[in-house]
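[1] Just need the structure, nothing else, for what follows:
(2 chains)
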Amino acid sequence: MPMQEKVEAQSILSMNSVEVLYDNVMLAIKGVSVQVPKGKMIALLGSNGAGKSTTLKAISGLLKAERGRISRGEIKFNGTDITEVLAQKRVGMGICHVVEGRHVFEHLTPDENLTAAAPLGMSRSVLNVEKEKIYNYFPRLAERRNSQSGYLSGGEQQMLAIGRALVTQPSLLMLDEPSLGLAPFLVSEIFDILQKINQEEGVSVLLVEQNALAALEIVSEGYLIENGRVVMHGTAEELKSNSDIQEFYLGGGEGTDFHNVKHYSRRKRWLS
Amino acid sequence: MDWIFLTELAINGALTGLLYSLVAIGLVLIYKASSVPNLAQGGLTMLGAYVVLALSRDAGMPLWLAIPLAAVIMFGMGFGIERVALRRLAGRPVVMILMMTLGIDIFLIGTTLAIWGGTSSSMNLGISYEPLLMGDIFISRIHLVGAGVALSLFAAFMLFFRTRTGIKLRAIADDYMASWSVGISVERGVGLSWALASLVAVGAGVIWGEIQGVDQSLSILLLKGLTVAVLGGLDSILGAVIAGVIIGIIENVGAEFLDQFVGGGSRELIVAAVLILTVMIRPHGLFGRHDIERV
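    Numbers count the residues shown, from 1 in each chain, chains lettered A, B, ... in the order given. As a prediction, the model looks like this:
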């Protein structure tokens, strides 16, 4: 079996040279290919506006809500081409996207948030089991299950958004910047829980993060996206030890000093 | 002015107010799902009355059959309106959807004019016009029936919004993007809200058609319904009911006092004043949700 096909067979998600157009003019990603192996956690890293969120929206089908569309390439989920499938159908197939910015249903209670995400065919008893499982992962939510979600703290809202996604019983969970605006101890709490969900439920995870340091601690592989293209792909260890990644995304590296700024921009050679 | 007369004015005002609530509940249902005040709710009410009339008078059905059948037809019509007119506007600015609802209202008025003409017809519900005498107070029977319909619908919707489908509708009202992301069909939800509002319009149309006759002027009920909905808070069914009672009482009692000075027409003035003051002083109404800001 050729290499490419072999990778695809082991992947729950296989995205091949996908281009996305917004409003039929703006090219947001320019041929992105990403593989998510079954049961693994993968990170998409990169700076603001690099095309990470667009990549997730192409996979979940939420592009449509922002007048975007896939103009080239294909997305396969468990071997099935889903490029043309409606967003709500993709949720039924097992893809759930936790969008950026903690979109909880503010005027509903956390408990109702979970109910709202339940598929129409899910029986009440199954839903209750799912809810208890989620409250076990996120004990903070259990305490506040009947208060109004809009008044939860940022961390609690993020937990609720993840919990709500779990109600749809996904086999691929995608998260867009779950660490955004959260205190470091909350980030590590949420990332620990994500790792636990990944191991216990066997859910594959595709994580978009600007916080590369935290992300590379829990994922097995990462892709670096810049200007709508994948510029680097490797295991978490490879990426962590790469000097460019260290300088630009991990804030480390040698000589992070103002005089070297020019030097950096020259070395960020995979840009543009 | 003695207190018996005042009580009579207040009670009949409250009953009339609940009839405004019938229109307002339809507005609230659609506002809850799409955050747009449906300017076609008056037109829908009028259409509901005409459909009942067409089935009972023109097709000769008994009312007990014509009204439920009209409800089914209008329920389907609500889904149809969403599918044909509103789906392509999803995600567009709210003002465009608002204009579309206005367009639908005008379209419905024109259509009923073309089909049934502009002469007023009677609904003939067979409810006696003899007022009901309670102690010394006269109460209109049809208003009492209408108030009963309004309260039953209120109770039914309070229960509905606790069911799973109802919760999904409220979720849609909160956040389209999040709804799509967990597989809720926003389009179907908005369609359902139009279907339910059209269903309510049959109730409102039958009662109001009986009171003032079935013609295009029924669509003007939008103004009263809108005022009630705004005072109640646009997205609160409970608000629509309570605001209806409040406006009905203020209007009936207030007009009795003011009409001696201005020589009639003060009803409309009072309703207008309520609408303007609500928007100025309490834009989210009595029970409307605030946009949550965490401190």
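[2] in the stretch 1-150 of chain B, which segments are predicted with low confidence?
    The stretch 1-150 of chain B contains residues with pLDDT under 70 at B:1.
[3] what does it have sitting close to chain A?
    residue B:91 (CB under 8 Å from any CB of the partner chain). C-beta: built from backbone N, CA, C; applies to glycine.
[4] would you list every one of the strands in the stretch 1-150 of chain B?
    For the stretch 1-150 of chain B, applying DSSP state E, counting those that start in this stretch gives strands covering B:132-134, B:137-139.
[5] so what secondary structure elements neighbour the first one?
    When contacts are defined as 3 or more CB pairs under 8 Å, 6 or more residues apart in numbering or on different chains; DSSP states H and E, strand B:132-134 packs onto strand B:137-139.
[6] Out of the strands of the stretch 1-150 of chain B, which one sits most buried?
    Most buried of the strands of the stretch 1-150 of chain B, by mean neighbour count (mean count of other CB atoms under 10 Å in any protein chain shown): strand B:137-139, with a mean of 15.
[7] circling back to that earlier point, which one, of the strands of the stretch 1-150 of chain B, ends up nearest to residue B:103?
    Residue B:103 lies closest to strand B:137-139 among the strands of the stretch 1-150 of chain B, at 39.7 Å (CB to CB).
[8] Next, report how far that closest one is displaced from the centre of its chain.
    When C-alpha coordinates are averaged (CA atoms, centre = their mean, to the nearest Å), strand B:137-139 and its chain have centres 25 Å apart.
[9] What pairs with that strand, parallel or antiparallel?
    Using DSSP bridges, strand B:137-139 pairs in its sheet with strand B:132-134 (antiparallel).
[10] Quick check: residue B:77 vs chain A, distance?
    24 Å (CB to the nearest CB, to the nearest Å).
[11] Strands of the stretch 1-150 of chain A, residue ranges please.
    Using DSSP E, counting those that start in this stretch, strands in the stretch 1-150 of chain A cover A:11-22, A:26-37, A:41-45, A:68-77, A:80-81, A:95-98.
[12] just those: most buried one?
    It is strand A:95-98: most buried of those by mean count of other CB under 10 Å, with a mean of 28.
[13] Show me the strands paired with it, marking each as parallel or antiparallel.
    Checking strand A:95-98 against DSSP bridges gives partners strand A:172-176 (parallel).
[14] can you give me the angle the partner strand makes with strand A:26-37?
    140 degrees (axes from the mean of the first three to the mean of the last three CA atoms, to 10 degrees).
[15] now strand A:172-176: how far from the chain's centre is it?
    Distance, centroid of strand A:172-176 to centroid of chain: 4 Å (CA atoms, centre = their mean).
[16] quick one: contacts of stretch B:155-172?
    A:105, A:107-108, A:112-113, A:115-116, A:118, A:120, B:25, B:29, B:32-33, B:178-179, B:184, B:186, B:189-190, B:192-193, B:196, B:237-238 (CB atoms under 8 Å, 6 or more residues apart in numbering or on different chains).
[17] what's the spacing between stretch B:9-21 and its chain's center?
    Distance, centroid of stretch B:9-21 to centroid of chain: 14 Å (CA atoms, centre = their mean).
[18] Can you give me every residue that contacts the residue nearest to the spatial centre of chain B?
    In chain B, the residue lying closest to the centroid (CA atoms, centre = their mean) is residue B:23, at 1.0 Å. Going by CB under 8 Å, 6+ apart, residue B:23 touches B:41-42, B:45, B:201, B:204, B:208, B:221-222, B:224-225, B:228.
[19] tell me which helix or strand of chain A sits lowest on mean pLDDT?
    None of the helices or strands of chain A scores lower by mean pLDDT, DSSP states H and E than helix A:261-267, at a mean of 48.
[20] Was I right to think residue A:76 contacts residue A:33?
    No. With contact defined as CB atoms under 8 Å, residue A:76 and residue A:33 do not form a contacting pair (11.3 Å).
[21] Could you name every residue contacting both of these two?
    Shared contacts of residue A:76 and residue A:33 (CB under 8 Å, 6+ apart): A:15-16.
[22] which parts of chain A sit against chain B?
    Of all the residues in chain A, those lying near chain B are A:60-62, A:65-67, A:87-88, A:90-92, A:96-99, A:103-108, A:112-113, A:115-120, A:148, A:150-151, A:153, A:161, A:164-165, A:167-168, going by CB under 8 Å from any CB.
[23] filter the residues you listed to the buried ones?
    A:60-62, A:65, A:87-88, A:90-91, A:96-99, A:103-108, A:112-113, A:115-119, A:148, A:150, A:161, A:164-165, A:167-168 (16 or more other CB atoms under 10 Å in any protein chain shown).
[24] List the contacts of the closest residue to residue B:89 other than its chain neighbours.
    Using CB to CB, 6 or more residues apart in numbering or on different chains and skipping the chain neighbours, the partner closest in space to residue B:89 is residue B:97 (5.2 Å). Counting by CB under 8 Å, 6+ apart, residue B:97 touches B:34, B:36, B:86, B:89.
[25] ok, residue B:97 to residue B:31 distance?
    11 Å (CB to CB, to the nearest Å).
[26] and what of residue A:201?
    From residue A:201 to residue B:31 the distance is 39 Å (CB to CB).
[27] biggest helix in the chain, by residue count?
    Since you didn't name a chain, this refers to chain A. helix A:184-201 (DSSP state H).
[28] my question was about chain B
    helix B:3-34.
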